[in-house]
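Colleague: Give me a 3D structure for the following:
(2 chains)
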Number of protein chains: 2
Amino acid sequence: MTEGGRRINLDVRFPTSLEQHGSDAMHTDPDYSAAYVVLHTACGLRGFGLTFTLGKGTEIVVLAVEALADLVVGKSLQDIVKDFRGFYRLLTSDGQMRWLGPEKGVIQLATAAVLNAVWDLWARAEGKPLWKLLVDMDPEQIVSCVDFRYITDVLTEKEALDILVGAQEEDRMMKEGYPAYTTSCAWLGYSDQQLKQLCTDALKSGWTKFKVKVGANLDDDIHRCRLIRQTIGPNNTLMIDANQRWDVAEAISWVTSLSEFKPLWIEEPTSPDDILGHAAISKALAPLGIGVATGEQCANRVMFKQFLQASALQFVQIDSCRLGSVNENLAVLLMAHKFQVPVCPHAGGVGLCELVQHLILFDYICVSASLSNRMCEYVDHLHEHFTSPVVIQNAHYMPPKDPGYSCEMLESSVQRHQYPEGDTWKLLMNK
Amino acid sequence: MTEGGRRINLDVRFPTSLEQHGSDAMHTDPDYSAAYVVLHTACGLRGFGLTFTLGKGTEIVVLAVEALADLVVGKSLQDIVKDFRGFYRLLTSDGQMRWLGPEKGVIQLATAAVLNAVWDLWARAEGKPLWKLLVDMDPEQIVSCVDFRYITDVLTEKEALDILVGAQEEDRMMKEGYPAYTTSCAWLGYSDQQLKQLCTDALKSGWTKFKVKVGANLDDDIHRCRLIRQTIGPNNTLMIDANQRWDVAEAISWVTSLSEFKPLWIEEPTSPDDILGHAAISKALAPLGIGVATGEQCANRVMFKQFLQASALQFVQIDSCRLGSVNENLAVLLMAHKFQVPVCPHAGGVGLCELVQHLILFDYICVSASLSNRMCEYVDHLHEHFTSPVVIQNAHYMPPKDPGYSCEMLESSVQRHQYPEGDTWKLLMNK
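Modeller: Below you'll find the model as predicted:
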């Protein structure tokens, strides 16, 4: 990013829709994809970043990355991290480009991709995995990365500093890892046979928490939830996920019909923008012991602020590629702590597990110091394309040790899956 | 759009930043621009649409239009309008592309541009200006254009039909037009001399309602508001607009400091996403007789629904190019009526006045039947680039008579301002 630096921005797509991996009530045929960013410094260091997409339209995010790149290329890493809050604001508040968001949609996804690459570069330059870079920072330095604009009515810099009391129980994480739950067993497109087999296999591997996609057909949901509850038994944890399929009243009645299966939470019951709708659903489901989880399509700290203010969620699902990278995730982690709402990150897709594990490790060690009602999503595909894939042991994320933010993909994978010119796509298109 | 149809999507930019037209506290150097869409039918009809942008990044919206175009090209106008709700949902809920929004940011701006062209085409095919096409529709047909997903907790189809009782006082609009206010006199970058001269000229032309940009510097705001209030006198209307510059507490104290100048409203006091923040500001300013206006960056009906539910605004500022075209604006007009909150559209930019006049005429004739606390923004530049520019008489929008949605630009203007290859830009770049 110093003068003479180059960047490479790529449209990388995996044809996951061929086998209905990732299918849900609203996204029936996703091809898990990424707008992939590689920053080069003059001294030969590289930083890798990405944002996750579902296939079509990834080229739009790549073009947005190109537009933002003009604000990055030519800058030194040192200058960026010296005033990371200022740099965050430079990207999100450009006088002409902020009209395209602000801080939402395509331009925010692109911001995440670019800043994820900057954070990766920074961690590599320090020779640390990103979570450790964060853990080793002074509270003052962490807070200096956060843009408090629009959230001071809920969290001031002073309050943020008071929360960041310093590292705790890093050893526990190194030994045990961070608890995970699996979404891999129950995509909407899977057959009964597949569901049962996958749950049985997962139980054998130590999984105790399972998420099921619902929302397309109530009878089918009852059938599938019953099957899964029978397979995993009464003491393991079941979550359900509607991927925004319902209106408010429909959500309440549908989930009530599924309450006999004792789900811990209903995820994304309605529009991701509907704070007051989620609040109404939370209130209606509380007597049934079912919480509301949302966040994977919550684009910025201002939306999360209100979800917390309105008691509209009981589980905060941060996303490493939807929010504006680490900077904005820090803001959300700190606000969630203030409201004492547990953070259970969204993961899966491509690269989301790799990235978000760093954030939740930081959350445990420096912010929450609690595992109560906390776990990180895990989905078991596409990890083979990364140079430092996640390590899961006994259903726990084991802390990554390689320097960086775990964003780097294998060069061969990137080449093969570039859209539309990679071999994978050339083959599919010629079929 | 029938088989064999073509479309043309263009990046058109006007170098408005050269003279600080359009400058405000957050957008200091906008080049008013448009992603411009031309749909061609096999039988030779054309439909023109656009969405407004601020310069840089317009190419991203144009690429998003290209991605959506695949869902339009090859369809017949008849098939689209027969199930317009379904077609709206096809564009906004594509299983892969909705991840990029949903219904917000770049992809929603592109949706607006494409659907604005479809509505323009429809009105031309019927030989009517768009407002008249809407006024002449059965309530059932109007309602069939609206996607009620996520808003049924506030507005059902039945309620919408009850609101649409039929045309009223169309004659009054034809004679008097719809009242307007001007933003052209007081951009943030203008000198005292300019402000005073422009206000004096505007008063002579019949203007009685004036909007002033504020938010960069309190002393300067006091100075400017005093100057303008002195120039326009105590009985004319003054509005102030901060363009999202403040946090919640800051907004309340800043506006309180300006209350002596008796503004009717404070526009965009904080983040456009902060419903609960706007509610707090509304509550604090109510005793001072100052309302809150917002909406130009409110991307969809779900956000407007909550602003209304939370009493977070007292003036609804719809935008013809931010919301998903006429379809979604209809939803917002109907919800605003249910909550009895007046609609005062956002306009200006390039083309926004041309488009939104149709919507506010429909609102008066078929929905509100009231002019109380209602007026439509007007800014007096760039109209010369349109084939059917707005007609203002005595500070009123006179109903357009030409068939269509008034989106068509002069071919010579489009050519000259295409970015970066148009003559205007070639000249500027070679300076």
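Colleague: Does anything pack onto the helix or strand bottoming out on mean pLDDT in chain A? Which helices or strands?
Modeller: Lowest on mean pLDDT, DSSP states H and E among the helices and strands of chain A sits strand A:7-13, with a mean of 87. Packing partners of strand A:7-13 (3 or more CB pairs under 8 Å, 6 or more residues apart in numbering or on different chains; DSSP states H and E): strand A:33-40, helix A:58-69, helix A:411-417. Where you see a C-beta, it was placed from the backbone N, CA and C, and this is true even at glycine.
Colleague: how near is residue A:328 to residue A:106?
Modeller: Here residue A:328 is placed at a distance of 16 Å from residue A:106 (CB to CB, to the nearest Å).
Colleague: out of the two, which sits in the more crowded spot?
Modeller: With other CB atoms under 10 Å in any protein chain shown as the criterion, residue A:328 and residue A:106 differ in neighbour count, and residue A:106 comes out ahead with 32 against 27.
Colleague: Spit out the contact partners of residue A:343.
Modeller: Applying CB atoms under 8 Å, 6 or more residues apart in numbering or on different chains, we find residue A:343 in contact with A:315, A:316, A:317, A:318, A:332, A:333, A:336, A:360, A:363, A:368, A:374.
Colleague: Now these in CSV, please, with extra columns for neighbour count.
Modeller: As requested, these are arranged in CSV below (neighbours: other CB atoms under 10 Å in any protein chain shown):
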residue, neighbour count
A:315, 23
A:316, 26
A:317, 25
A:318, 26
A:332, 29
A:333, 25
A:336, 23
A:360, 29
A:363, 29
A:368, 20
A:374, 18
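Colleague: And stretch A:365-382, what's buried?
Modeller: Neighbour counts over stretch A:365-382 (16 or more other CB atoms under 10 Å in any protein chain shown) mark A:365-368, A:374-382 as buried.
Colleague: And residue A:262, its phi and psi?
Modeller: The phi and psi torsions at residue A:262 (degrees, to the nearest 10) take the values phi 50, psi 60.
Colleague: That one: what's its closest spatial neighbour, skipping adjacent residues?
Modeller: If the residues on either side of it in the chain are set aside, residue A:262 comes closest to residue A:238, at 6.5 Å by CB to CB, 6 or more residues apart in numbering or on different chains.
Colleague: Quick check: beta-bridge partners of the one you found?
Modeller: In this entry, residue A:238 is beta-bridged to residue A:210, residue A:263, by DSSP bridges.
Colleague: List the buried residues in the least confident helix or strand of chain A.
Modeller: Buried residues in strand A:7-13, counted by 16+ other CB under 10 Å: A:7, A:9, A:10, A:11, A:12, A:13.
Colleague: hang on, isn't the fifth one packed against residue A:416?
Modeller: Read it as residue A:12. No - with contacts counted by CB atoms under 8 Å, residue A:12 stays clear of residue A:416, the gap being 9.2 Å.
Colleague: any weak-confidence spans in chain A?
Modeller: Scanning chain A for pLDDT under 70 picks out the ranges A:1-7, A:20, A:166-167.
Colleague: hang on, the earlier thing: now cross-check the buried residues of stretch A:365-382 against chain B and list the overlap.
Modeller: Residues of the buried residues of stretch A:365-382 in contact with chain B (CB under 8 Å from any CB of the partner chain): none.
Colleague: can you pull the contacts of residue A:210?
Modeller: Counted by CB under 8 Å, 6+ apart, residue A:210 has contacts A:181, A:182, A:185, A:186, A:199, A:202, A:228, A:232, A:236, A:237, A:238, A:239.
Colleague: Tell me how many other residues crowd residue A:175.
Modeller: By the criterion of other CB under 10 Å, residue A:175 has 11 neighbours.
Colleague: I meant residue A:33, not that one.
Modeller: Neighbours of residue A:33 under the rule other CB under 10 Å: 29.
Colleague: now it: how far from chain B?
Modeller: Plainly put, residue A:33 is 8 Å away from chain B if you go by CB to the nearest CB, to the nearest Å.
Colleague: Test my guess that that residue contacts residue A:10.
Modeller: No - using CB under 8 Å, residue A:33 makes no contact with residue A:10, being 10.3 Å away.
Colleague: now the angle from the least confident helix or strand of chain A to helix A:58-69?
Modeller: Taking axes from the mean of the first three to the mean of the last three CA atoms, to 10 degrees, one finds that strand A:7-13 is oriented at 160 degrees with respect to helix A:58-69.
Colleague: between strand A:7-13 and strand A:33-40, how many degrees?
Modeller: Between strand A:7-13 and strand A:33-40, the angle formed by their directions is 160 degrees, by the same axes, to 10 degrees.
Colleague: Can I get strand A:7-13 in PDB, CA atoms only?
Modeller: Only the C-alpha atoms of strand A:7-13 are listed here, as PDB (Å, rounded to 0.1, in the frame of the first residue of the first chain):
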ATOM      1  CA  ARG A   7      -3.700  -4.700  -5.100                       C
ATOM      2  CA  ILE A   8      -5.500  -7.500  -6.700                       C
ATOM      3  CA  ASN A   9      -9.300  -7.800  -6.300                       C
ATOM      4  CA  LEU A  10     -11.000 -11.000  -7.500                       C
ATOM      5  CA  ASP A  11     -14.400 -12.500  -7.900                       C
ATOM      6  CA  VAL A  12     -14.100 -16.100  -6.500                       C
ATOM      7  CA  ARG A  13     -17.100 -18.400  -6.600                       C
END
